[in-house]
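**Q** Below: sequence and its predicted model.
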Amino acid sequence: MQKIFIFFILSISLFFNSCSTDVDINADWKDVTIVYSILNLNDTIQYVKINKAFLGSANAYDMAKNSDSLFYKSINKVSLQQGRTNSNGDWEGYGQEIILQKTTDIPKDSGIFANDRNDIFYTTEKLQKNDTYNEYRLVIDVPNKDLITATTKVFDNLTVKEPTTWGSRKVNFASSVPYTVKWNSTKDARLYEVTVRYWYYEIIGTDTTLKHLDWAQPRMVSTKLEQEVEMTLDIDGPGFFKYVQSQLKPLASGKRLSRRKKAIDFIFLIGGDDLNTYIQVSSPSNTIVQEKPSYTNINGENNLGIFSCKFDETIPEQEIDQRMIDSLALGIYTKNLNFLSYNQAINFYSNTDE
């Protein structure tokens, strides 16, 4: 029996998972291409990852150590074009085609698969959104294969209603009521994730180091794609202090000091409909039925992967309430983590813009 070993990596900070599949087959080998690309109109560079399946009679793990098993010897062209899919299902291009370049300069982590080579295609061309032409089409020309294509709708904005960059409302996770975040969903975006970034100092001797913790909130899904709807997230206050407790250890010497005026960033990450479906399908099963269907939006026979869009928006430098500073120093979850109370830090706050 021969083995085919499909290699596909999905890495995203926000929305990134790793996945590999072992499949035993008796049928003849087919040229299977695996594609991964998540566009972000906020980014200055876009990446497309292209791998291939491999087949052989040797041990699959041994074959995986050979980079020629993972990458094509050559790819004629990889390109992106802005446009739209019309009512007939045909592609209408808008503007010039963007030709992606190949780089081997991004190192790959060691592991099961070979890391002496890591082919990634990229472009530094600025991607734009147009109300009429709101899609991008990916085209991959692999020798001896039909063209591999995929399309995704893109978005480049998010309307955050609370908190705001100009408001006077202070963040207080020490309150008896949850802290509410509000925003309007973005057209064509399905998946939403908010991360609370908390900034603090560690002071050891004469060294002062600014650090942060990223507290990710549960993902939320918009019920509508074609229009905006208001979405709200109630952040559990005690959950914040429990999270800080889980991430930090008491200092043998020194102290910690919360920022005050620039203590919290709210980072919003939104993703397309296809990305949401891929994550749902690829997530581990929590039932006795472990077999899960595969999902791909890459067109063409024997092609797999995901081509979608994400976008990030940050509401930075939110001031926190004095009660929250005191709760970090004196509260039941974090009182042993060497945080200074507001009164202990008042001179520091008075002399800085923190």
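**A** Here it is on my side, so go on. Being a predicted model, the structure only gives us computed values, none of them experimental.
**Q** and Q227, what does it touch?
**A** For Q227, the contact set (C-beta atoms under 8 Å, 6 or more residues apart in numbering) comprises K187. For every residue, glycine as well, the C-beta is placed using N, CA and C.
**Q** could you redo the last one with a cut-off of 10 Å?
**A** When contacts are counted by C-beta atoms under 10 Å, 6 or more residues apart in numbering, Q227 touches N184, S185, K187.
**Q** most neighbours, which of those residues?
**A** In terms of neighbours by other C-beta atoms under 10 Å, the contacts of Q227 top out with S185 at 22 neighbours.
**Q** ok, and the closest non-adjacent residue to that residue?
**A** Spatial nearest neighbour of S185, chain neighbours left out: S222 (4.1 Å); criterion: C-beta to C-beta, 6 or more residues apart in numbering.
**Q** next one: G305
**A** Distances taken as C-beta to C-beta, 6+ apart place V35 nearest to G305, at 3.6 Å, with adjacent residues excluded.
**Q** re the thing from before, now do the phi/psi pair for the residue nearest to S185.
**A** The phi/psi pair for S222 (degrees, to the nearest 10) reads phi -80, psi 140.
**Q** tell me which of the contacts of Q227 is nearest to S308?
**A** Of all these, K187 has the smallest distance to S308: 15.0 Å, by C-beta to C-beta.
**Q** dump the residue contacts of the closest one.
**A** D131, N134, K153, F155, N157, S222, K224, L225, E226, Q227, E228.
**Q** burial of the residue nearest to S185, as a residue count?
**A** If we define neighbours as other C-beta under 10 Å, then S222 has 21 of them.
**Q** How about the contacts made by it?
**A** Contacts of S222 by C-beta under 10 Å, 6+ apart are 184-192, 228-229, 231, 270, 273, 276.
**Q** Need the per-residue pLDDT for the residue nearest to G305.
**A** pLDDT recorded at V35 is 95.
**Q** Could you list which residues are in contact with the nearest residue to Q245 once chain neighbours are set aside?
**A** With sequence-adjacent residues excluded and distances taken as C-beta to C-beta, 6+ apart, Q245 is closest to Y333, at 4.4 Å. For Y333, the contacting residues are P238, G239, F240, F241, K242, Y243, V244, Q245, S246, S327, by C-beta under 10 Å, 6+ apart.
**Q** Name the helix or strand for the first one, please.
**A** P238 is part of helix 237-247 when elements are defined by DSSP states H and E.
**Q** Please tell me how far D146 sits from N299.
**A** 9 Å (C-beta to C-beta, to the nearest Å).
**Q** Thank you kindly, that will do.
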